[in-house]
Each structure stands twice: as structure tokens, then as C-alpha cells.
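[1] Dropping a prediction and its sequence here:
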Amino acid sequence: MRLTKTIAAAAVAATVGGTAIAGGFAPAVIEQPVVIVEPIAQRSSWGIILPIAAVALLIALAGSN
């Protein structure tokens, strides 16, 4: 009976003691979020000029026959 009371008291003390210092004593440090700004990509006019030139070439080949 005496051992049961000792184990129960130790379990209660460990539970209460663990929750009492669970957060620690240091103040909470809130870090600022890191913002990464990606540079704007340079646009190329080749994306539209090349298909137009290919279509013009095909039309020229079709019209030459």
C-alpha cells in the first residue's frame, strides 16, 4: 500500500511539474517571414516572330507550285 501511494505521488508530481515548465522561461521569439522577390523575366519577341515566319514560309512554298 505504501509503494502505491509513493508511485501515485511521483506520477502526480511529474505531471504537474512537467506542465509547469513546458513553455520554458524565455520569452517567445517571433521571427519575421523571409520574402523572396523573383525578378521579372525578360520577354522575347521570338516567341511570336518565329511561328509567323514559319507560317509565311509554308504559305510561300504552297504558292510556288
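    Now that the structure is in, tell me what you want to look at. Being a predicted model, the structure only gives us computed values, none of them experimental.

[2] who touches the residue of the chain most remote from its centre in this structure?
    Centroid-distance maximum for the chain: Asn65 at 58.9 Å, with CA atoms, centre = their mean. With contacts defined as CB atoms under 8 Å, 6 or more residues apart in numbering, Asn65 has no neighbours. Every residue, glycine included, has its C-beta placed from N, CA and C.

[3] so what's it scoring on pLDDT?
    If you check Asn65, the pLDDT there is 70.

[4] try Ala28
    75.

[5] sec struct for it, please.
    With DSSP: H, G, I helix; E, B strand; the rest coil as the basis, Ala28 sits in coil.

[6] can you offset everything so residue one is 4?
    Understood, numbering begins at 4; the last thing we discussed is Ala31.

[7] what sits against it?
    Applying CB under 8 Å, 6+ apart, no residues contact Ala31.

[8] how close does Asn68 sit to Ile62?
    Applying CB to CB, to the nearest Å, the value for Asn68 to Ile62 is 12 Å.

[9] Over to Thr7?
    Taking CB to CB, one finds Thr7 at 97 Å from Ile62.

[10] how many neighbours does Ala56 have?
    By other CB atoms under 10 Å, 11 other residues sit near Ala56.

[11] swap in the one 3 residues further on?
    Under the neighbour criterion other CB under 10 Å, Ala59 is assigned a count of 10.

[12] Quick check: pLDDT value at it.
    What the model reports as pLDDT for Ala59 is 94.

[13] Show me what the helix or strand that it is a member of is packed up against.
    Taking DSSP states H and E as the criterion, Ala59 maps to helix 49-67. Packed against helix 49-67, as judged by 3 or more CB pairs under 8 Å, 6 or more residues apart in numbering; DSSP states H and E, are no other helices or strands.
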